[in-house]
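[1] Here's a sequence, model it:
(chains A and B)
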There are 2 protein chains.
Amino acid sequence: MKLVTVGSVAFDAIETPFGKTDKIVGGAGTFISLSSSFFVKKQGIISVVGEDFPKQDLQEMEERGIDLKGLQVKEGEKTFFWSGKYHNDMNSRDTLVTELNVLEHFDPIVPEEYQGVPYLMLGNLSPQVQRTVIERMNVRPKLIALDTMNFWMDIAWEELLRTLSMVDVLIINDEEARQLTKEYALIRAAKKIKAMGPKYVIIKKGEHGALLFGEDNIFFAPALPLEEVFDPTGAGDTFAGGFMGYIAKTDEISFENMKRAVVAGSVLASFSVEKFGTQRLKEITVEDFNKRVQEFIKLTDFEINSI
Amino acid sequence: MKLVTVGSVAFDAIETPFGKTDKIVGGAGTFISLSSSFFVKKQGIISVVGEDFPKQDLQEMEERGIDLKGLQVKEGEKTFFWSGKYHNDMNSRDTLVTELNVLEHFDPIVPEEYQGVPYLMLGNLSPQVQRTVIERMNVRPKLIALDTMNFWMDIAWEELLRTLSMVDVLIINDEEARQLTKEYALIRAAKKIKAMGPKYVIIKKGEHGALLFGEDNIFFAPALPLEEVFDPTGAGDTFAGGFMGYIAKTDEISFENMKRAVVAGSVLASFSVEKFGTQRLKEITVEDFNKRVQEFIKLTDFEINSI
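    Residues are numbered from 1 along each chain as shown, chains lettered A, B, ... in the order given. Predicted structure coming up:
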């Protein structure tokens, strides 16, 4: 097993200018593991669902090489549910409903088979749960990446800093980076975050691409300009899953390889937003992926001589 | 003469979180021509100032190969003056003062020496003035680029559309592109703009870089992540000047060459914001430029194999 993901497996109900869904399967853990399954044929997930979660979707995850021994199914309880409505610009959204349900008292279990895993992706969850998973690993993974959000900065600042000091890669969006560091310039924010622990910092800027900071280098990957962003839900998690999946598959921790991983994550995220939920993510073929990688190359490639 | 710029030569008073200036020399025409003078050793400017405009600054422009036969000096009148204050994020600003002065009745003169110029850059001004310059050219330039802003969309919509139909390249920012087309997705906005006339569309996204659309291709140039944006005033004009200066110098109208020109403009703009007004722009050496081009290449360069 090369990769373990920690993150919510949940229900989402989404409303965008293009339409709305009933409860569909979502959650950070779902998006991350489905995305990384594009690169990693055997991985684990640590999460929790209620008895209402469809068996069919669990089976689909297993078929994609996602081992479910770390996924607790709580009889008599309900799955985490989030409902949100996107504004017309698709860059901001209102949360309509948050029902924590099984997540409220989530005590993560690390199955014996997951011990010794080299790559650990901590999706957005309470920093205390994220830290517990690290502490329950008998051997520290080679690379631990963490995603978080402003909510935890507001209510669990000290816990977050403590967990942050234990990881190698922080993946967050630009507004979160600014809130975490009180710095507006992202290059300064990244420096402050590196002083908090992570050696690598990835700042996601949505439709404006992503910046990778590490080893005194900066890399910028654009987002593919899309005619329609149908549903942005899970795009950041898809990015994180693609990033860690690529690193786990290639098993090389270097700035050069992280650049490729950032492109891989951006490519998968560009697919993810084309349909509601995880739908598009399940359809991507190797040919789709390779073709879109070429579009990314073409988008930013230029040759210029010194003047 | 390879290039003629039309645009304001003006006074600015600027307040940023880093400090404030008295009246300093600014204006779209000033930034564009100073920026393009980095590439073009002989060019013209069509503009107007009052008798209060410092002779010293005009002399400096001439020393940089900017011919002033097209710059009218109105005795007894005052130069255009703009004053603004930037917010903490440096991405938005309030206009404090706008005194049109000589710009109010500006009737542009095209000197005989400017006739037959191959490249024409129409900086942000009333679309009626921009169109008048095109109409007063005996031979249509090979390439006409135009910058505009939301103000003209609000008060001179029909005039703007008419002028837009006469140019080859539109250079505007993202919010302006959205207002012009009522499309949020920039790829759709660019399509609509192309239907209005311009064959090429450049959408500036400030700290998020710039997109070039044309010949069914898209190119994205990032902005260099900067620790401090000291004064963003004129960054867009510096970009436009660098773009057109590069095209005029290399004298090649193709998507590939426009990509290089977009990078050249981005590089010059990244210098411009480092000091107040035009100060930094006057200091840049060829070595500075070439070094920063390498930083741009390093920022976006990646190699990835098909999976």
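[2] Can you check the pLDDT for residue A:87?
    The per-residue pLDDT reported for residue A:87 equals 86.
[3] That one is in contact with residue A:16, isn't it?
    No. The pair residue A:87 / residue A:16 is not scored as a contact, 9.3 Å apart, by Cβ atoms under 8 Å. C-betas here are computed from N, CA, C, even on glycine.
[4] buried stuff in stretch A:8-19?
    For stretch A:8-19, the buried set under the neighbour-count rule, 16 or more other Cβ atoms under 10 Å in any protein chain shown, comprises A:8, A:9, A:10, A:11, A:12, A:13, A:14, A:15, A:16.
[5] and that stretch, anywhere near chain B?
    No. Applying Cβ under 8 Å from any Cβ of the partner chain, one finds stretch A:8-19 out of contact with chain B, separated by at least 9.3 Å.
[6] burial of the spatially closest residue to residue A:12 that is not a sequence neighbour, as a residue count?
    Excluding the flanking residues, the one nearest residue A:12 by Cβ to Cβ, 6 or more residues apart in numbering or on different chains is residue A:26, at 3.4 Å. Neighbourhood size, residue A:26 [other Cβ atoms under 10 Å in any protein chain shown]: 26.
[7] isn't residue A:26 right up against residue A:233?
    Yes. Shown here, residue A:26 and residue A:233 form a contact pair, counting by Cβ under 8 Å, at 6.3 Å.
[8] and residue A:61, what does it touch?
    Residue A:61 makes contacts with A:30, A:33, A:34, A:45, A:68, as judged by Cβ atoms under 8 Å, 6 or more residues apart in numbering or on different chains.
[9] Which of the helices or strands spans the second one?
    Taking DSSP states H and E as the criterion, the element that holds residue A:33 is helix A:28-36.
[10] continuing past the helix or strand containing residue A:193, what's the next helix or strand?
    Per DSSP H and E, residue A:193 falls inside helix A:186-196. Toward the C-terminal end, the helix or strand that comes next after helix A:186-196 (DSSP H and E) is strand A:200-204.
[11] elements contacting that next one?
    Packed against strand A:200-204 by the contact rule (3 or more Cβ pairs under 8 Å, 6 or more residues apart in numbering or on different chains; DSSP states H and E) you find strand A:169-173, helix A:174-181, helix A:186-196, strand A:210-214, helix A:235-250.
[12] let's go with 7 Å and repeat that
    strand A:169-173, helix A:186-196, strand A:210-214 (3 or more Cβ pairs under 7 Å, 6 or more residues apart in numbering or on different chains; DSSP states H and E).
[13] List the neighbouring strands of it plus their orientation.
    Strand A:200-204 pairs in its sheet with strand A:169-173 (parallel), strand A:210-214 (antiparallel), by DSSP bridges.
[14] Which positions in it come out as buried?
    Buried residues in strand A:200-204 (16+ other Cβ under 10 Å): A:200, A:201, A:202, A:203, A:204.
[15] can I get the contacts of residue A:61 in CSV with pLDDT and neighbour count?
    As requested, the contacts of residue A:61 are exported to CSV (pLDDT from 0 to 100; neighbours: other Cβ atoms under 10 Å in any protein chain shown):
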residue, pLDDT, neighbour count
A:30, 98, 29
A:33, 98, 34
A:34, 97, 26
A:45, 98, 25
A:68, 98, 18
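[16] Surely residue A:28 touches residue A:7?
    Yes. Using Cβ atoms under 7 Å, residue A:28 is in contact with residue A:7, at 3.7 Å.
[17] Report the set of residues contacting both of the two.
    The contact sets of residue A:28 and residue A:7 overlap at A:123, A:124 (Cβ atoms under 7 Å, 6 or more residues apart in numbering or on different chains).
[18] What lies in contact with the helix or strand following the helix holding residue A:33?
    Sequence order places strand A:43-50 as the next helix or strand after helix A:28-36, per DSSP H and E. Residues outside strand A:43-50 that contact it (Cβ under 7 Å, 6+ apart): A:1-9, A:29, A:33, A:36-37, A:65-74, A:77-79, A:101-103, A:106, A:108-110, A:114, A:117, A:133.
[19] Sheet-wise, list the partners of strand A:43-50 with their directions.
    Partners of strand A:43-50 in its sheet, by DSSP bridges: strand A:3-6 (parallel), strand A:66-67 (parallel), strand A:71-74 (parallel).
[20] if we compare these, which one ends up closest to residue A:270?
    When the strands paired with strand A:43-50 are compared by Cβ to Cβ, strand A:3-6 sits nearest residue A:270, at 20.7 Å.
[21] what's the closest non-adjacent residue to residue A:14?
    Nearest to residue A:14 is residue A:21, by Cβ to Cβ, 6+ apart, at 5.0 Å.
[22] scratch that, residue A:196 is what I was asking about
    Spatially, and ignoring its direct neighbours in sequence, residue A:196 is nearest to residue A:164 (5.0 Å; Cβ to Cβ, 6+ apart).
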